[in-house]
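# Show me how the following folds:
(2 chains)
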Amino acid sequence: MADGPPSMWAMADGPPSIWEWIARNWDTGRVDSIKNLLGDHLIMSLVPIVAALVVALPLGLASVRWRWLYQPTTGVFNVIYALPSLPVFMLLIQFTGLSKTTVIVPLTFYACAVLIPSVVDGLGAVPEHVRQSAVAMGFTPLRRLVQVELPIATPVVIAGLRVVAVSSISLVSVGALIGQGGLGMLFTRAYQNPFVPPALVGIVLIVLLALIADGLLVLAQRLLTPWVRARRSA
Amino acid sequence: MITFDDVTKRYPDGTVAVDHLSLEAPTGEITVFVGPSGCGKTTSLRMINRMIDASEGRILLDGEPVQGIDPPTLRRGIGYVIQQAGLFPHRKIVDNIATVPYLLGWDRKKARDRAMELLERVGLDSAMGERYPFQLSGGQQQRVGVARALAADPPVLLMDEPFSAVDPIVRTSLQEELLRLQAELNKTIVFVTHDIDEAIKLGDRVAVLRVGGKLAQLADPKTLLSEPADDFVREFLGHDRGIRRLQFISTEGLRLRDDLTVPEGFEGPTDEPWLLVVTGDRRPVGWISRERPAELEPYGTFVLGRDSMRSALDAALLSPSGCAVAVDGDGKVVGAATREALDEALSEAADG
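Numbering: from 1, shown residues only, chains lettered A, B, ... in the order given. Here you go, the predicted model:
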């Protein structure tokens, strides 16, 4: 029995069950406890989402204001998106070492590649007659942006954020290549030992995180844009 | 009063949208800019609130050049109604109407109270205040657009083809609503349209513009119809301007006969070819002819003094008798205008 390939059945005798394994590894006080990996994962996936929103908003606004900016801006971000992760990490390690930043930076660029078009499309969804009437009512440009254009763009931007949130949470595990994969570290451990429970725990937790993030964004959308919900129910 | 003083709009590519336009839109009146597309009517309108700046000349608002006023401040003092209403989809109707009061920094409650008052003023149910724009029909949205323009009680109202995106029945009721509101509010209104009938119906003064932004004629509707300045205006007015001119001629002086009405059940005999059967409280039932007194024929009515000669003629044409039934404001028969009486009034009208 000990000669056979490891399986869930085999673990009943020798290696611990999945629940035992979780209990034993949840909070060991070491950097690779499940709890700490979950925390790392959250940081490395959420920081890029927020950072990308902060970068994409002004770039998107600028691309709407100066149309010629749009193609080069999205072009640059798409090219970065297309670069394989490993060489990007290698390049970044020169500056940021084997740190979380090395994972956060490329993920921020990826998120921007999705969010900038979302911001531009969202603002493009503001009907011309609505924009015109805002001008005619006497809105100053800044007030028009904040009170009319951005609220109307919100549903499209949130749709982009949902894609970004889920892909960012999933992509963090690539960081395992440089020892900064958050829950992705569980996959390398499962592969090295070889032992299934860590991989299962990693997959389940990542999917759960993605579902929670998506749910929160849907909730935010409902709270921020009641007029869209009203439209659907009408 | 709004004054255009030799105003020209020339774009960088050399296109001239408005060419040396000089005219006045008097206080408390509706001035209509009408013309084919490309005549610069919307450009002219937008130069008043500086959504477009004039290249040459001056536009004065009660004597003050608008070019010297900061655009947002200027615009908050001028109501603006746009073709598709341009309501903010993310704001409830009441907040849409309160837009300018909010911009002016009114207290929130005061702004909303004012908005609810206006909602009723434009003929909408106050329950609509809590809805979003897409939940309203096109005509209702346009009413909200008018309410929003009136919210801060501006003396001047600019209306850019406000009723051209709604169906003809709704358009007619919106036009009548505007005239009713204007009778109460006496705003200085500049109204842009490509529809000459709308211009004639609404305008105290009508400015006909030709392509290239030149003023072809500025006149009150009656003068426009009877004395078009040139072939362009004549053609733009259309073929039946003689008939349409009748809508400015009152039926007040029309000679009526009050001896043609008979009660229900009347069986003759009579010398008259046609008699009008009326109920006990003098409401019309139908015409009967001498030949077939048992058969009721259709009739047409007009309100004496309020309706125009055009309505009277129309009423006459609706009946085989050729006579129009004159009624008072309550719909009770006052008399009948025979062909001879109408003929007399028409030949007077033709003499001018």
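
# Now B:Ser37: closest residue in space that isn't a chain neighbour?
B:His194 (6.5 Å; C-beta to C-beta, 6 or more residues apart in numbering or on different chains). C-beta: built from backbone N, CA, C; applies to glycine.

# Neighbours of the one you found, how many?
17 (other C-beta atoms under 10 Å in any protein chain shown).

# who are the neighbours in contact with it?
Neighbouring residues of B:His194 by C-beta atoms under 8 Å, 6 or more residues apart in numbering or on different chains: B:34-37, B:41, B:161, B:164.

# one more time with 10 Å
B:33-37, B:39, B:41-42, B:161, B:164, B:236 (C-beta atoms under 10 Å, 6 or more residues apart in numbering or on different chains).

# Please tell me which one of those counts the most neighbours.
B:Phe33 (29 neighbours).

# Just list whatever residues bridge to it.
When assigned by DSSP bridges, B:Phe33 has beta-bridge partners B:Val192, B:Ala207.

# State the pLDDT value of it.
For B:Phe33, the model assigns a pLDDT of 97.

# That one against B:Ala25, yeah?
Yes. If you go by C-beta atoms under 10 Å, B:Phe33 and B:Ala25 touch, sitting 9.1 Å apart.

# quick one, phi psi at the residue lying closest to B:Asp271 once chain neighbours are set aside?
Of all residues beyond its chain neighbours, the one nearest B:Asp271 is B:Arg290 (7.9 Å), with distances taken as C-beta to C-beta, 6+ apart. Main-chain torsions, B:Arg290, degrees, to the nearest 10: phi -60, psi -40.

# how near is the residue positioned nearest the centre of chain B to chain A?
Of all residues in chain B, the one closest to the mean position by C-alpha atoms, centre = their mean is B:Leu202, 2.7 Å from it. B:Leu202 is 20 Å from chain A, where distance means C-beta to the nearest C-beta, to the nearest Å.

# Could you report the pLDDT at that residue?
pLDDT, B:Leu202: 94.

# for it, what are its contacts?
By C-beta under 10 Å, 6+ apart, the contact set of B:Leu202 is B:30-32, B:34, B:159, B:163, B:175-176, B:178-179, B:182, B:189, B:191, B:193, B:195, B:221.

# now do 6 Å
B:30, B:191 (C-beta atoms under 6 Å, 6 or more residues apart in numbering or on different chains).

# May I ask you to confirm that A:Ser85 is in contact with A:Ser173?
No. Using C-beta atoms under 6 Å as the test, A:Ser85 is too far from A:Ser173 to be in contact (10.6 Å).

# Which one's more surrounded, these two?
Remark: of A:Ser85 and A:Ser173, A:Ser173 carries more neighbours, 23 against 16, as counted by other C-beta under 10 Å.

# what kind of secondary structure is that one in?
Using DSSP: H, G, I helix; E, B strand; the rest coil, the structure places A:Ser173 in helix.

# Distance of it relative to A:Val126?
For A:Ser173, the distance to A:Val126 equals 38 Å [C-beta to C-beta, to the nearest Å].

# how about the helices of the chain, start to end?
Since you didn't name a chain, this refers to chain A. A:8-11, A:18-25, A:34-65, A:70-82, A:85-96, A:100-124, A:128-137, A:141-144, A:150-171, A:185-192, A:196-224, A:226-233 (DSSP state H).

# ah, I was thinking of chain B
So, for chain B - with DSSP H - the helices run B:41-48, B:71-76, B:93-97, B:99-103, B:108-121, B:138-150, B:168-185, B:196-202, B:221-226, B:231-237, B:241-245, B:309-317, B:339-350.

# Of those, which is nearest B:Gly57?
Checking these against B:Gly57 by C-beta to C-beta gives helix B:41-48 as the closest, at 9.2 Å.

# And for the closest one, what's in contact with it?
Contacts of helix B:41-48 (C-beta under 6 Å, 6+ apart): B:9, B:17-18, B:33, B:35, B:52, B:54, B:59, B:158, B:160, B:190, B:192, B:209.

# In chain A, what residue comes closest to chain B?
A:Ser133 (3.0 Å; C-beta to the nearest C-beta).

# Report pLDDT for that residue.
For A:Ser133, pLDDT reads 94.

# cool, and the one 5 residues further on?
Confidence at A:Gly138, expressed as pLDDT, is 95.

# what's near enough to touch it?
With C-beta under 6 Å, 6+ apart, A:Gly138 has these contacts: B:72, B:75-76, B:103.

# Among those residues, which pair sits farthest apart?
B:Arg75 and B:Leu103 (9.1 Å).

# Show me which residues of the worst-scoring helix or strand of chain B on mean pLDDT are buried.
Taking mean pLDDT, DSSP states H and E as the measure, chain B has helix B:241-245 as its least confident helix or strand, at a mean of 81. The neighbour-count check on helix B:241-245 (16 or more other C-beta atoms under 10 Å in any protein chain shown) flags B:241, B:244-245 as buried.

# Now render those residues as TSV, adding distance to chain A.
TSV is the format used below for those (distance: C-beta to the nearest C-beta, whole Å):
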residue	distance to chain A
B:Arg241	33
B:Arg244	31
B:Arg245	35
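
# Do you know the pLDDT at the closest residue to A:Val174 other than its chain neighbours?
Among residues not flanking A:Val174 along the chain, A:Ser85 sits closest, at 4.9 Å (C-beta to C-beta, 6+ apart). Among the per-residue scores, A:Ser85 holds a pLDDT of 83.

# wait, what's in contact with the residue of the stretch 1-150 of chain B found nearest chain A?
Among the residues of the stretch 1-150 of chain B, B:Gly86 lies nearest to chain A; the distance is 3.0 Å by C-beta to the nearest C-beta. By C-beta under 6 Å, 6+ apart, B:Gly86 lies in contact with A:129-130, A:133.

# which among those residues gets closest to A:Ile18?
Of these, the one sitting nearest to A:Ile18 (C-beta to C-beta) turns out to be A:Val130, at 55.0 Å.

# in chain A, what spans have low per-residue confidence?
Flagging of chain A using pLDDT under 70 yields the residue ranges A:1-14, A:230-234.

# could you redo the last one with a cut-off of 50?
A:1-12 (pLDDT under 50).

# what residue is smack in the middle of it?
A:Ser168 (2.6 Å).

# got the contact list for it?
For A:Ser168, the contact set (C-beta under 6 Å, 6+ apart) comprises A:45, A:48-49, A:107, A:111.

# one more time with 8 Å
A:45, A:48-49, A:107, A:110-111.

# ok, for it, nearest residue in space, not its chain neighbours?
A:Ser45 (4.7 Å).

# what do you get for A:Pro16?
A:Pro16 sits nearest to A:Arg24 (C-beta to C-beta, 6+ apart), 6.6 Å away.

# How about the residues of chain A by chain B?
A:127, A:129-130, A:132-140, A:143, A:148, A:151-152, A:225, A:227, A:230-231, A:234 (C-beta under 8 Å from any C-beta of the partner chain).

# of those, buried ones?
A:129-130, A:132-139, A:148, A:151-152, A:225, A:227.

# For A:Pro197, state which of these is nearest.
Once C-beta to C-beta is applied, the member of these that ends up nearest A:Pro197 is A:Thr225, at 41.8 Å.

# quick one: that closest one from B:Gln142, how far?
From A:Thr225 to B:Gln142 the distance is 25 Å (C-beta to C-beta).

# Please apply the same query to B:Ile189.
Relative to B:Gln142, and taking C-beta to C-beta, B:Ile189 is found at 15 Å.

# Next: A:Ser99.
With C-beta to C-beta as the criterion, A:Ser99 and B:Gln142 are 60 Å apart.

# end-to-end on stretch B:24-41?
This stretch, stretch B:24-41, spans 14 Å end to end (C-alpha to C-alpha, to the nearest Å).

# try stretch B:318-331
17 Å.

# Pull the residues that contact it.
Against stretch B:318-331 from outside (C-beta under 8 Å, 6+ apart): B:251, B:254, B:256, B:260, B:273-274, B:276, B:283-284, B:287, B:289, B:297-304, B:306, B:312-313, B:315-316, B:333-339, B:342.

# Make a markdown table out of the contacts of B:His194 and add distance to A:Val120.
Below are the contacts of B:His194 laid out as a markdown table (distance: C-beta to C-beta, whole Å):
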| residue | distance to A:Val120 |
| --- | --- |
| B:Phe33 | 36 |
| B:Val34 | 39 |
| B:Gly35 | 37 |
| B:Pro36 | 36 |
| B:Ser37 | 31 |
| B:Cys39 | 35 |
| B:Lys41 | 33 |
| B:Thr42 | 28 |
| B:Glu161 | 30 |
| B:Ser164 | 31 |
| B:Phe236 | 43 |
